[in-house]
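> Model the following, please.
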Amino acid sequence: MRVPIEALREFCMAALRQVGMNENDSAITSDALVTTDAMGIFTHGTKLLGGYLSRLSGGGYRASGVPRIEREGPGWAVIDGDSALGQVGCVFAVRVAIAKARNVGIAYVGLRNIGHIGAAGYYAAMAASEGLIGVVTGNDTPSVAAPGSRGAVLGSNPLAYAVPVAGRDPILLDMATAAVAGGKVYAAHQRGEPIPATWLIGEDGRPTTDGSLYPHHASLAPMAGHKGYGMGLLAEVLSGALPCGALTWQIGSWMFDDPGKASRHNAGFIAIDVATIAEPGEFDLRMQTLIDEIHAVPTAEGVDRVILPGEREWERKRRAEAEGINLPDDVRVKLTAVAREFGVRADWLETHPATLTHQFRS
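Next up, the predicted model:
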């Protein structure tokens, strides 16, 4: 059964309100999670809700946290996230970056002391929807090996960008600098599916296909070897070092640490205002020419056309808006647990009414 986007969003908001989050922050967080599901990125969508609620209940994340600008200039700012949910802090930071870029053309904003940020591409797309190029980086507790290492060196530090295109969906790329996002390892293992030998590095420094070893006895492989390692290091600098936030092992595990501990995640945002820098109309024309060239290149047998980053995700989102989201079983299991623990009921979940204290019908 496909779940209507609005029904899933209201479910998330109801759960977040149960742990003391206000209406505005609940809406921000829920939209980020549900939009990510709608685009088919289920590892970073509502599957994360239960973990967030646990940390909000335990006090490691602050339901009443208010991100604030600590230092700033015309084209930059450093924001303390006050241990709020990552979605709350990131949306605040993107809006600051957009406003500053519109004044001076380009802006950098560093966000420190925040919760797990979820899907970095969501925030890059926010900038693109307002006509700016958005670049987002994040850092995390180490889970990714470096070439030649026998253990984790960096987090699966995300790198995302979005480019506005007149009359079209933005170009959008959101990737972990690991060979694969850690969430995909968890999901494959939970579903009993084998994992490729290119995903994990064991404690002996060699590849392994045993998903049960991650994260305590195996590290993620870096994306494209030394290239992914280098990009992950850049994300660490822009997210953690530049705004003077936590680095590598100073960052807690939001999944495994005591829920009363802050995870101290960080993120970096760059916004480039196309209207300020480019000649009027020229950027749109050049982008359209570039896209047409890419779409027109000869393709291999059975391939319709070469696609742009984000095209599949935007297509999935439009279908979800029309037909609802087809949530995978592992996501439904997580949301069912949320419904039971936090007393939020939805008709599209298989729950036991006797265990629920608060009824919510979508």
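> for the closest residue to Ala125 other than its chain neighbours, phi and psi?
Leaving out its chain neighbours, the residue that sits closest to Ala125 by CB to CB, 6 or more residues apart in numbering is Ala162, at 4.7 Å. No exception for glycine: its C-beta is placed from N, CA and C like everyone else's. Main-chain torsions, Ala162, degrees, to the nearest 10: phi -140, psi 140.
> ok, now which ones touch Ala162?
121, 124-125, 127-128, 133-134, 170-173, 310 (CB atoms under 8 Å, 6 or more residues apart in numbering).
> secondary structure class for Thr141?
Per DSSP: H, G, I helix; E, B strand; the rest coil, the local secondary structure of Thr141 is coil.
> my guess is Ile120 meets Pro158, correct?
Careful, residue 120 is Ala; it's not Ile. Yes. Assessed by CB atoms under 8 Å, Ala120 is found in contact with Pro158 at 4.1 Å.
> Between the two, which has more neighbouring residues?
Ala120 (31 against 27; other CB atoms under 10 Å).
> if we can go back for a sec, what's the spacing between the residue nearest to Ala125 and Tyr108?
16 Å (CB to CB, to the nearest Å).
> just Ile201 next, same as before
Counting by CB to CB - Ile201 and Tyr108 are separated by 33 Å.
> Same check on Thr43?
28 Å.
> Check which helices and strands the longest helix along the chain sits against.
Assignment by DSSP state H gives helix 86-104 as the longest helix of the chain. In terms of contacts (3 or more CB pairs under 8 Å, 6 or more residues apart in numbering; DSSP states H and E), helix 86-104 is packed against helix 23-38, strand 76-80, strand 106-114, helix 120-129, strand 132-139, strand 265-273, helix 274-277.
> Give me the below-cutoff pLDDT ranges for the stretch 201-350 of the chain.
350 (pLDDT under 70).
> Tell me the secondary structure at Gly50.
helix.
> For it, give me its contacts.
Gly50 touches 334-335, 337-338, 341, counting by CB under 8 Å, 6+ apart.
> Not counting its neighbours along the chain, what's nearest it?
Gly50 sits nearest to Val338 (CB to CB, 6+ apart), 4.8 Å away.
> Now do the SS call for the one you found.
Relying on three-state DSSP, one would call Val338 helix.
> tally of neighbours for the closest residue in space to Ser30 that isn't next to it in sequence?
Computed as CB to CB, 6+ apart, the closest residue to Ser30 that is not its neighbour in sequence is Cys12, at 3.7 Å. Cys12: 27 surrounding residues under other CB under 10 Å.
> got the contact list for Cys12?
So Cys12 contacts 26, 29-30, 33-34, 46, 49 (CB under 8 Å, 6+ apart).
> What's the ChimeraX syntax to select whichever of these are buried?
Those of the contacts of Cys12 that count as buried under 16 or more other CB atoms under 10 Å are selected in ChimeraX with:
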select :26,29,30,33,34,46,49
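> tell me the two of the contacts of Cys12 that are most distant?
Ser26 and Thr46 (13.1 Å; CB to CB).
> hmm, back to that, nearest to His216, of the contacts of Ala162?
Looking across these and measuring by CB to CB, the closest to His216 is Gly121, at 28.3 Å.
> residues near that closest one, how many?
29.
> Over to the closest residue to it other than its chain neighbours. Which of the three states is it?
The shortest distance from Gly121 to any non-neighbouring residue, by CB to CB, 6+ apart, is to Asp174 (2.9 Å). Secondary structure, three-state DSSP: Asp174 is strand.
> can I assume Asp174 is in contact with Ala120?
Yes. Contact criterion CB under 8 Å: Asp174 and Ala120 qualify, at 5.5 Å.
> Return every residue with contacts to both of the two.
Joint contacts of Asp174 and Ala120 (CB under 8 Å, 6+ apart) are 158, 160.
> just the strands in the stretch 201-350 of the chain please.
Per DSSP state E, counting those that start in this stretch, the stretch 201-350 of the chain carries strands over the ranges 207-208, 218-220, 265-273.
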